[in-house]
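Engineer: Predicted coordinates and the sequence they were generated for:
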Amino acid sequence: MSFVTCDLCDDNADIVSVVTGLHWYSYGGRSAFGGEIVTVKCFEDNSRVKEHLGTDGKGKVLVVDGGGSLRNALIGDMIAENAVKNGWEGVIIHGACRDVDELAKLDIGVMTLGCVPIKSVRRDEGQLNIDITFGGVTFRPGEYVYADNNGVITAPRALL
Ligand SMILES: O=C([O-])CC(=O)C(=O)O
């Protein structure tokens with residue numbers, strides 16, 4: 001998938017929403033990625049993230065509202081490798097990741113607010129496929145998200 005979010009914004013100004021006010025870091029081996037939105041809402045517990053990236057993700061991006069916490073990592077190289085095996089396009093986390101040198105070698109997009117060496121807890125908490133909001137945008141399961149080094153945008157339908 002080859003695109004620039006700036007062009008997608010210019011060409012679809014009437015329907016895109018743009019995430020603002022957040023500083024993203026791109027850690028995955030793919031810097032531009034997009035697809036159908038699947039959501040997880042959790043806080044310092046990556047149970048739902050691990051579980052869901054273990055299912056088929058072709059054409060999909062997992063968007064995680066981790067409450068902005070940088071206190072532990074919601075994804076690392078093992079979970080990301082599994083996501084690659086299952087065909088996920090990428091993961092966007094309003095929170096943190098770890099194992100960044102390994103993430104850079106994987107053919108998947110991983111955008112987060114930062115990294116931290118410690119993993120998250122797993123208490124089987126978190127919700128799947130509910131509307132989540134951060135950076136002024138509501139991510140709705142079934143809509144579309146596109147991300148690159150310029151930022152993150154959503155649209156009610158596929159733009160590519
Ligand atoms: O296991 C975790 O919770 C996160 C992690 O380090 C990995 O995915 O390798």
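Structural biologist: That came in fine, so what should we check first?
Engineer: Could you tell me which residues within stretch 106-122 count as buried?
Structural biologist: Leu106, Ile108, Gly109, Val110, Met111, Thr112, Leu113, Gly114, Cys115, Val116, Lys119, Ser120 (16 or more other CB atoms under 10 Å). For every residue, glycine as well, the C-beta is placed using N, CA and C.
Engineer: Please apply the same query to stretch 144-160.
Structural biologist: Tyr144, Val145, Tyr146, Ala147, Asp148, Asn150, Gly151, Val152, Ile153, Thr154, Ala155, Leu159.
Engineer: quick one, phi psi at the second one?
Structural biologist: This points to Val145. Dihedral pair for Val145: phi -130, psi 140, per degrees, to the nearest 10.
Engineer: repeat for the fifth one
Structural biologist: In this entry, Asp148 is assigned phi and psi values of phi -150, psi -170 (degrees, to the nearest 10).
Engineer: For it, give me its contacts.
Structural biologist: By CB atoms under 8 Å, 6 or more residues apart in numbering, the residues touching Asp148 are Phe3, Val4, Thr5, Ser26, Ser31, Ala32, Phe33.
Engineer: State the pair within these that is farthest apart.
Structural biologist: Phe3 and Ser26 (14.5 Å; CB to CB).
Engineer: circling back: by neighbour count, which of the contacts of Asp148 wins?
Structural biologist: Phe33 (25 neighbours; other CB atoms under 10 Å).
Engineer: quick one: it from the ligand, how far?
Structural biologist: 18 Å (CB to the nearest ligand atom, to the nearest Å).
Engineer: So what pairs up with the nearest residue to that residue once chain neighbours are set aside in the strands?
Structural biologist: If the residues on either side of it in the chain are set aside, Phe33 comes closest to Gly109, at 3.2 Å by CB to CB, 6 or more residues apart in numbering. Counting by DSSP bridges, Gly109 forms beta bridges with Gly90.
Engineer: quick one: Gly109 from the ligand, how far?
Structural biologist: Taken as CB to the nearest ligand atom, the span from Gly109 to the ligand is 16 Å.
Engineer: before we move on, what about Met111?
Structural biologist: The value you get for Met111 to the ligand, if CB to the nearest ligand atom is used, is 16 Å.
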